[in-house]
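Chemist: quick one: sequence and predicted model below, then my questions.
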Amino acid sequence: MRINRERLQDSMERLGRIGATPRGGLTRLALTDEDRRGRDLLVEWMRGAGLAVSVDQMGNILGLRPGADALPPVLMGSHADSVPTGGTYDGQLGVLCALEAIRSLNDARTETRHPVGMVIFTNEEGARFQPAMIGSGVMAGKIPLEDAYNARDRDGIRLGDELERIGYLGGEPCVPRPMRAYLELHIEQGPILEEQGLPVGVVEGIVAIAWSRLTLHGVQDHAGPTPMRIRHDALVAAAEVVRGVREISRQVGGDMVSTVGRLDVVPNIPNAIPGRVVMSIDLRDPDDTRITRALGALDRVVRDAARREGVQYELEHYWRVPRTDFHPDVIDAVERAVGSLGCGHRRIFSGAGHDAQYMAAIAPTGMVFVPSKAGRSHCEEEFTALDDIEHGANTLLLAAADLAQPA
Ligand code: GLV
Ligand code: MN
Ligand code: MN
């Protein structure tokens with residue numbers, strides 16, 4: 001049993017047109033009109049593949065193919081939202097490979113004991129609404145439903161209102177459900193598989209992640225008549241924090257990475273001293289204790305920068321996901337599947353967050369990685385060769401069929 005490469009490629013191209021950017025990338029932020037159009041197409045395809053489709057209270061879309069026995073399903077999934085000027089592989093590829101695996105089970109008339117299904121999670125990226133992985137986080141019971149509904153985008157628009165507006169506020173409870181296994185195919189988003197010339201990564205786990213939000217309150221004033229000695233510039237303090245956050249990963253060591261990705265400056269005009277800056281801090285490491293140390297270092301960086309510039313601040317450490325190790329049985333199933341294909345593979349650890357991270361809290365979970373060209377993602381240049389995708393998709397198909405057990 002193998003996937004149909006041409007059909008998968010055709011689906012990738014068609015879904016990739018919704019929210020396509022002129023430079024070959026994708027902007028399909030969660031719960032926008034583009035997201036709705038992408039979801040509508042996916043639901044049409046899922047129904048076309050004979051799946052019973054339902055939508056839960058978080059807008060997560062679930063499609064089930066019946067099994068021979070009344071047993072918990074094997075679910076494959078990922079997300080269909082993107083970052084702004086992102087690529088057409090992050091998330092979409094996992095969703096489309098899940099669909100292609102189900103279409104291939106249908107083609108081969110394969111009966112399984114466990115139902116096999118797919119799930120498309122809401123707002124995985126965390127680009128529009130924070131935190132990331134919010135749909136899977138609610139499903140896993142790690143994020144309260146009301147908190148998720150009350151998440152607001154930059155313009156103050158509520159997630160719950162947008163779910164309703166695009167027609168994906170479903171009725172199914174978004175709660176942990178019995179699952180035989182959860183499997184997610186994703187691009188690696190790092191350089192290792194490409195460097196080693198391997199088409200498939202058997203993912204062992206995901207790093208711990210912490211997100212913080214810093215608001216710096218300076219004094220907005222005129223850029224001309226205000227002498228340097230009496231300024232309290234929120235952006236100058238922010239610049240020190242950006243530099244300090246970069247330093248944290250060096251100080252803490254190990255595999256720690258630290259990023260300031262967002263900076264909102266008020267009033268953001270040439271001739272005013274910035275009165276307010278809101279910024280994000282993203283810290284990641286495979287070791288939870290190093291995250292704790294990094295958060296302590298961040299507190300000090302911010303305190304010192306704010307004191308030097310004489311500005312007030314609020315620092316919120318509002319999201320943390322612990323290091324996640326996947327289930328040995330699912331890792332083994334993925335390894336058996338790729339082994340039976342006879343293509344190169346290795347075990348690998350994920351530096352990016354995925355819905356699989358939350359699913360691992362409620363189900364035996366594993367992932368399949370395929371290489372990213374030059375290790376790049378969250379950019380329009382994101383690319384994975386179709387040959388590699390085919391190996392990855394076949395790995396997903398065979399692992400899912402194995403876990404679902406032949407009827
Ligand atoms: C998801 O893309 C993440 O932030 O790792
Ligand atoms: Mn992703
Ligand atoms: Mn992503």
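Modeler: That came in fine, so what should we check first? Ligands and ions are numbered 1, 2, ... in the order given.
Chemist: am I right that residue 167 sits in a strand?
Modeler: No - using DSSP: H, G, I helix; E, B strand; the rest coil, the secondary structure at residue 167 is coil, not a strand.
Chemist: nearest spatial neighbour of it, skipping sequence neighbours?
Modeler: residue 36 (6.7 Å; Cβ to Cβ, 6 or more residues apart in numbering). (C-beta placed from N, C-alpha, C; glycine too.)
Chemist: so that neighbour versus residue 152, what's the distance?
Modeler: Per Cβ to Cβ, to the nearest Å, residue 36 is found 19 Å from residue 152.
Chemist: who has more neighbours, these two?
Modeler: Neighbours per residue (other Cβ atoms under 10 Å) separate residue 36 from residue 152, with residue 36 holding more: 18 against 15.
Chemist: helix or strand right after the helix or strand where the more buried one lies?
Modeler: For residue 36, the host element (DSSP states H and E) is helix 33-48. As assigned by DSSP H and E, the chain's next helix or strand after helix 33-48 is strand 52-55.
Chemist: how about the residues of the protein by ligand 2?
Modeler: Proximity of the chain to ligand 2 (Cβ under 5 Å from the ion) is limited to residues 90-91.
Chemist: helices of the chain, residue ranges please.
Modeler: Applying DSSP state H to the chain gives helices spanning 5-16, 33-48, 92-107, 134-139, 145-149, 159-165, 192-196, 234-252, 288-309, 328-341, 355-359, 386-404.
Chemist: now tell me what touches the fourth one from outside.
Modeler: Spelled out, that is helix 134-139. Contacts to helix 134-139, defined as Cβ atoms under 8 Å, 6 or more residues apart in numbering, come from residues 56-60, 79, 121-124, 126, 131, 143-145, 148, 151, 159, 174-177, 355, 357-359, 362.
Chemist: what about residue 157, neighbour count?
Modeler: Residue 157, neighbours per other Cβ under 10 Å, totals 15.
Chemist: okay, it: pLDDT?
Modeler: Note for residue 157: predicted pLDDT of 98.
Chemist: now it: phi and psi?
Modeler: phi -80, psi 130 (degrees, to the nearest 10).
Chemist: still on that earlier bit, which of the helices of the chain sits closest to residue 26?
Modeler: Minimum separation from residue 26 across the helices of the chain (Cβ to Cβ) falls at helix 5-16, 6.5 Å.
Chemist: now the angle from the closest one to helix 33-48?
Modeler: Between the axis of helix 5-16 and that of helix 33-48 there is an angle of 150 degrees, by axes from the mean of the first three to the mean of the last three Cα atoms, to 10 degrees.
Chemist: now helix 5-16, how far from the centre of its chain.
Modeler: 21 Å (Cα atoms, centre = their mean, to the nearest Å).
Chemist: now stretch 178-191
Modeler: 11 Å.
Chemist: what residues sit buried inside it?
Modeler: For stretch 178-191, the buried set under the neighbour-count rule, 16 or more other Cβ atoms under 10 Å, comprises 179-190.
Chemist: ok, which pair from the residues you listed is furthest apart?
Modeler: 180 and 190 (29.3 Å).
Chemist: got a list of what residue 215 touches?
Modeler: 276-278, 313-314.
Chemist: select only the buried ones of those residues in ChimeraX?
Modeler: Selecting only the buried entries of these in ChimeraX, with 16+ other Cβ under 10 Å as the criterion:
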select :276,277,278,313
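Chemist: mind putting the contacts of residue 215 into CSV with pLDDT?
Modeler: As requested, the contacts of residue 215 are exported to CSV (pLDDT from 0 to 100):
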residue, pLDDT
276, 98
277, 98
278, 98
313, 98
314, 98
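Chemist: which one among the contacts of residue 215 gets closest to residue 201?
Modeler: Using Cβ to Cβ, these come closest to residue 201 at residue 278, 35.7 Å.
Chemist: tell me the contacts of the closest one?
Modeler: 213-216, 262-264.
Chemist: ditto for residue 168
Modeler: Taking Cβ under 8 Å, 6+ apart as the test, what residue 168 contacts is 31, 36, 39, 55, 59, 61, 122.
Chemist: got it, and residue 100?
Modeler: Counted by Cβ under 8 Å, 6+ apart, residue 100 has contacts 3-4, 7-8, 11, 393, 397.
Chemist: just the buried subset of the residues you listed, please.
Modeler: In these, the ones that pass as buried (16+ other Cβ under 10 Å) are 3, 8, 11, 393, 397.
Chemist: return the residues in contact with the residue in the stretch 251-400 of the chain that ligand 3 sits nearest to.
Modeler: Nearest residue of the stretch 251-400 of the chain to ligand 3: residue 378, at 5.7 Å (Cβ to the ion). Shown in contact with residue 378 (Cβ under 8 Å, 6+ apart): 83, 86-87, 90, 189.
Chemist: would you reformat those residues as JSON lines and include pLDDT and distance to ligand 3?
Modeler: Formatted as JSON lines, those follow (pLDDT from 0 to 100; distance: Cβ to the ion, whole Å):
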{"residue": "83", "pLDDT": "98", "distance to ligand 3": "6"}
{"residue": "86", "pLDDT": "98", "distance to ligand 3": "7"}
{"residue": "87", "pLDDT": "98", "distance to ligand 3": "9"}
{"residue": "90", "pLDDT": "98", "distance to ligand 3": "4"}
{"residue": "189", "pLDDT": "98", "distance to ligand 3": "7"}
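Chemist: and the stretch 301-407 of the chain, which of its residues are near ligand 1?
Modeler: 352-353 (Cβ under 6 Å from any ligand atom).
Chemist: go again using 8 Å as the cut-off
Modeler: By Cβ under 8 Å from any ligand atom, the part of the stretch 301-407 of the chain that sits against ligand 1 consists of 351-354, 377-378.
Chemist: swap in the chain?
Modeler: So the chain meets ligand 1 at 83, 90, 124-126, 132-133, 189, 209, 282, 284, 351-354, 377-378 (Cβ under 8 Å from any ligand atom).
Chemist: one step back: quick check on the contacts of helix 134-139: which are buried?
Modeler: Of the contacts of helix 134-139, these count as buried by 16+ other Cβ under 10 Å: 56-60, 79, 121-124, 126, 131, 143, 145, 148, 151, 159, 174, 177, 355, 357-359, 362.
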